[in-house]
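Novice: Just the structure for this:
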Amino acid sequence: MRVLLAWMLLTAIAQAQDLTPNPTVLDSVGVDQKLGESVPVNLMFRNEQGKEVALSQYLRDKPVVLVPAYYECPMLCTQILNGLLSGLRPLSLTAGSDFVVVIFSIDSEETSALAAAKKVTYVEGYGREGGENGWHFLTGDHTSIHALTHAMGYRYRYDPETDEYIHASAIAILTPEGKIARYLFGVEFAPRDLQLGLLEAKRDAISSPIDAVLLYCFQYNPLTGKYTLAIYRLVRIAGAITVICILAFIFAMVRRERSPLQVR
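Specialist: Model prediction:
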């Protein structure tokens, strides 16, 4: 019995480790909160029409919701954008007149045509008059992308095996002067948090750092046979719970074996 239980425990630990992405990969992915620091507003990108634009064009006198993503992302980016859309729709503030949403691709190979298609989808989903002036989808070269993500503290990594980007789920709210006022994490963004963040950024107020449970975009890799979920930490937690449950089961069985027989 004890040999069987030990084998079950070792099997569970091995499976939990196999489900876990390579820690050396995910250690290089995440978000370093750089609240109060300025992003380089002179960086050049391309808009949905393929025209060169400076990031400063979107700041001016309005706060900006800044979203790193990539348009052909198979998992997390769509969830982030959908969550942002759902969070912004109930606000009394309106994109275009009160604030601006700027999404920029972290993939330098993506085209303005992809950006334009995304814009159509989300402007229609937003459903407010003038929404096309409030939602902007940019592409850029590696130099501009790296400079902006570095300024945001946004660390990501390209995975050549899957031809995808491993990245965390985070957006930033900038003041009209381009300072990082607040970070929001996850794939759902509460309207209250968005409204408060935008109003604070408008007043040039900087929030405090927050603890965040980051979600990671990282898929099943059929080449290696490793199963890695987008919610990386959830996998680790599930593996830990499995091991704890088996340990508890082993403890109960051992106690049962050692307990004296009761005579009725």
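Novice: Break down the chain into its helices, ranges please.
Specialist: Secondary structure of the chain (DSSP state H): helices at 2-19, 23-26, 76-88, 112-126, 142-152, 191-202, 232-258.
Novice: show me what contacts the nearest residue to Phe104 once chain neighbours are set aside?
Specialist: Closest residue in space to Phe104, ignoring its immediate chain neighbours: Leu138 at 4.3 Å, by CB to CB, 6 or more residues apart in numbering. In this view, the C-beta of every residue, glycine as well, is placed from N, C-alpha and C. By CB atoms under 8 Å, 6 or more residues apart in numbering, Leu138 lies in contact with 45-47, 53, 102-105, 115.
Novice: Check what pLDDT Leu138 gets.
Specialist: Per-residue pLDDT puts Leu138 at 98.
Novice: what number of residues lie near the spatially closest residue to Glu188 that is not a sequence neighbour?
Specialist: Nearest residue to Glu188 in three dimensions, chain neighbours excluded: Gly83, at 4.5 Å (CB to CB, 6+ apart). Neighbourhood size, Gly83 [other CB atoms under 10 Å]: 18.
Novice: do Thr162 as well
Specialist: There are 17 residues near Thr162, going by other CB under 10 Å.
Novice: Return the distance of the residue nearest to Pro191 when sequence neighbours are not counted relative to His150.
Specialist: Using CB to CB, 6+ apart and skipping the chain neighbours, the partner closest in space to Pro191 is Pro90 (4.6 Å). In this view, Pro90 and His150 are 33 Å apart by CB to CB, to the nearest Å.
Novice: Of those two, give the one with the bigger neighbour count.
Specialist: Of the pair Pro90 and His150, His150 is the one with more neighbours under other CB under 10 Å, namely 14 against 11.
Novice: Now do the same contact list for Pro40.
Specialist: 55, 147-148, 151.
Novice: If we use 6 Å, what do you get?
Specialist: Neighbour list for Pro40: 147, 151 [criterion: CB atoms under 6 Å, 6 or more residues apart in numbering].
Novice: Got the confidence number for it?
Specialist: So Pro40 comes in at 96 (pLDDT).
Novice: For Phe104, see how far away it is.
Specialist: 13 Å.
Novice: pLDDT averaged over stretch 62-78, what's the number?
Specialist: pLDDT averaged over stretch 62-78 gives 91.
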